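[1] below is the structure, and that's it, no one-letter string:
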Ligand SMILES: OC[C@H]1NNC[C@@H](O)[C@@H]1O
Ligand SMILES: [Ca+2]
């Protein structure tokens, strides 16, 4: 591992998402999202009773939370906009009070010299649009483009780095194939359609940005590099299927305008013939791509698993969400991106881990040694990729706060800042103190 070092203007920040931290989902005229419905449905929500009704109460605590970000030394903050606050029906009438929250957030960030990175879609589709078919409706691309235009016209210039979608793979795999996430569908025929429409929506939003925007826009994908368990042909094929399904299914269309061939094999009759001009729409010039990295997968041919590709457990540390701690995977995937798609600027738009955090110590400290260790290794992994020539511009730690880990609820704590959900008290953990030093020294402290 080379000595850890980062470019002089490396953008150190932290990330959150609206439904996971804001609370007050219906305040000031906001329309409900599919997560409002899903989290209140005990038949669907794994962590029954954990809803986004309060979360971190960020909607009411925004100013003091931004002051805390400043105290930690963050240079940037990646947040998402709840579509339904701005457009309660998803399209049509703009709810000025809902938009005003995000204008206040952005203005407060700028006043604290923290750069806002704005994600337009982080899973909380307006329920009114789900009633019209959601991502299964081809009109969804235009619904998203209209919403994006409202946001660009309100905030572009104050926001200079925009993200269209967060993790389309999770939306599709979780929301339409396996049903673990909103809207909770389990349908092999729906998944490719939802996925394709998400990417069409991405393309339309970028087209609109090129009409009305003056700064930068990108796509955020979660990538889990896949490694074959053995050098057998069967394991190589299983690994290729897993890589195509999770990683290349989104980056290939966005960057190359094509889908990986393995998808037709994987979905069979459920894989439609896509119109060629759709592929041209999806492939828009991007200013950057955001990579969300958590873990890798070791893959073996195993007919008892979807894609006939099953996981092989490793002799390693695993997080509370069951993910192997494997920092080398971050370096590997960044080099892979550059080799496959070219030298586009990249941001690590999410990286972090859920570990069991011991209760607050007598002196109020929250000691999280496993997270401290995880972060140090992953900072070094980014530095290694940069040393190999990958143009990584910044790192957004997931997450600023302990928050609602979707269907897993509040028990999975990813924050560098502890949240006592009974009192809403925020307490920076040891990992936050480390991060402040990393930012202050641009990594030299490592
Ligand atoms: O699972 C941890 C994170 N992964 N990426 C999307 C975020 O919303 C999740 O909380
Ligand atoms: Ca305005």
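    It's in. Note that this is a predicted model, so its numbers are computed, not measured. Ligands and ions are numbered 1, 2, ... in the order given.

[2] from residue 406, how far off is the residue most central in space within the chain?
    For the chain, the residue lying nearest the average C-alpha position, counting by CA atoms, centre = their mean, turns out to be residue 166 (4.5 Å). Residue 166 sits 12 Å away from residue 406 when distances are taken as CB to CB, to the nearest Å. No exception for glycine: its C-beta is placed from N, CA and C like everyone else's.

[3] any common contacting residues for those two?
    Here residue 166 and residue 406 have residue 123 as joint contacts, going by CB atoms under 8 Å, 6 or more residues apart in numbering.

[4] list the contacts of residue 147.
    Neighbour list for residue 147: 83, 86-87, 90-91, 120 [criterion: CB under 8 Å, 6+ apart].

[5] in the stretch 151-300 of the chain, what residue lies closest to ligand 1?
    Residue nearest to ligand 1 within the stretch 151-300 of the chain (CB to the nearest ligand atom): residue 292, separated by 5.2 Å.

[6] if we can go back for a sec, next up, the contacts around the residue nearest to the centre of the chain.
    Under the criterion of CB under 8 Å, 6+ apart, the neighbours of residue 166 are 17, 80, 119, 121-123, 220, 292.

[7] could you identify the most distant pair in those?
    For the contacts of residue 166, with distances taken as CB to CB, the pair at the greatest spread is 121 and 292 (14.0 Å).

[8] those two: which has the busier surroundings?
    residue 121 (27 against 22; other CB atoms under 10 Å).

[9] that one reaches residue 84, doesn't it?
    No - Residue 121 is not in contact with residue 84 according to CB atoms under 8 Å; the separation is 11.4 Å.

[10] quick check: pLDDT value at residue 252.
    In the predicted model, residue 252 carries a pLDDT score of 98.

[11] before we move on, the earlier item: spatially nearest residue to the residue of the stretch 151-300 of the chain closest to ligand 1 (excluding sequence neighbours)?
    What sits nearest to residue 292 in space, not counting adjacent residues and going by CB to CB, 6 or more residues apart in numbering, is residue 350, at 3.7 Å.

[12] let me see the contact set for that neighbour.
    Residue 350 makes contacts with 15, 78, 220, 222, 290, 292-294, 396-399, as judged by CB under 8 Å, 6+ apart.

[13] for those residues, give me CSV that also has pLDDT.
    What follows is the contacts of residue 350, written out as CSV (pLDDT from 0 to 100):
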residue, pLDDT
15, 99
78, 99
220, 99
222, 98
290, 99
292, 98
293, 98
294, 98
396, 99
397, 99
398, 98
399, 98
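
[14] ok, and the most crowded of these?
    Scoring the contacts of residue 350 on neighbours with other CB under 10 Å, the highest-scoring entry is residue 78 at 30 neighbours.

[15] assumed it was part of a helix.
    No - checked against DSSP: H, G, I helix; E, B strand; the rest coil, residue 78 lies outside a helix; its state is strand.

[16] residue 4 contacts residue 380, correct?
    Yes - taking CB under 8 Å as the contact criterion, residue 4 and residue 380 are neighbours in contact, 5.2 Å apart.

[17] just the helices in the stretch 151-300 of the chain please.
    Per DSSP state H, counting those that start in this stretch, the stretch 151-300 of the chain carries helices over the ranges 168-172, 190-212, 233-243, 249-256, 262-267, 276-282.

[18] columns mean neighbour count on top of those, output as JSON lines?
    Formatted as JSON lines, the helices of the stretch 151-300 of the chain follow (neighbours: other CB atoms under 10 Å):
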{"stretch": "helix 168-172", "mean neighbour count": "23"}
{"stretch": "helix 190-212", "mean neighbour count": "22"}
{"stretch": "helix 233-243", "mean neighbour count": "19"}
{"stretch": "helix 249-256", "mean neighbour count": "22"}
{"stretch": "helix 262-267", "mean neighbour count": "17"}
{"stretch": "helix 276-282", "mean neighbour count": "16"}
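
[19] so can I have CSV of the ones you listed showing distance to residue 136?
    CSV is the format used below for these (distance: least, CB to CB, whole Å):
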stretch, distance to residue 136
helix 168-172, 11
helix 190-212, 6
helix 233-243, 24
helix 249-256, 17
helix 262-267, 15
helix 276-282, 15
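
[20] how about those helices in CSV, adding distance to ligand 1?
    Compiled in CSV, the helices of the stretch 151-300 of the chain are given as follows (distance: least, CB to the nearest ligand atom, whole Å):
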stretch, distance to ligand 1
helix 168-172, 7
helix 190-212, 15
helix 233-243, 18
helix 249-256, 14
helix 262-267, 22
helix 276-282, 22
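
[21] quick one: secondary structure of the residue of the chain most remote from its centre?
    The centre of the chain is farthest from one residue, residue 362, which by CA atoms, centre = their mean lies 34.7 Å away. On the three-state scheme (three-state DSSP), residue 362 is labelled coil.

[22] how about residue 396?
    Residue 396 carries the three-state label strand when classified by three-state DSSP.

[23] tell me how far it lies from residue 139.
    Counting by CB to CB, the separation of residue 396 from residue 139 is 32 Å.

[24] do the same with residue 444
    As it turns out, when the distance is counted by CB to CB, residue 444 lies 51 Å from residue 139.

[25] again with residue 245
    In this structure, residue 245 lies at 26 Å from residue 139, with CB to CB as the measure.

[26] then residue 190?
    Using CB to CB, residue 190 is found at 16 Å from residue 139.

[27] my read: residue 138 touches residue 197, true?
    Yes - counting by CB under 8 Å, residue 138 does reach residue 197; the two are 6.1 Å apart.

[28] pLDDT below threshold where in the stretch 151-300 of the chain?
    Per-residue confidence for the stretch 151-300 of the chain (pLDDT under 70) gives no ranges below the cut-off.
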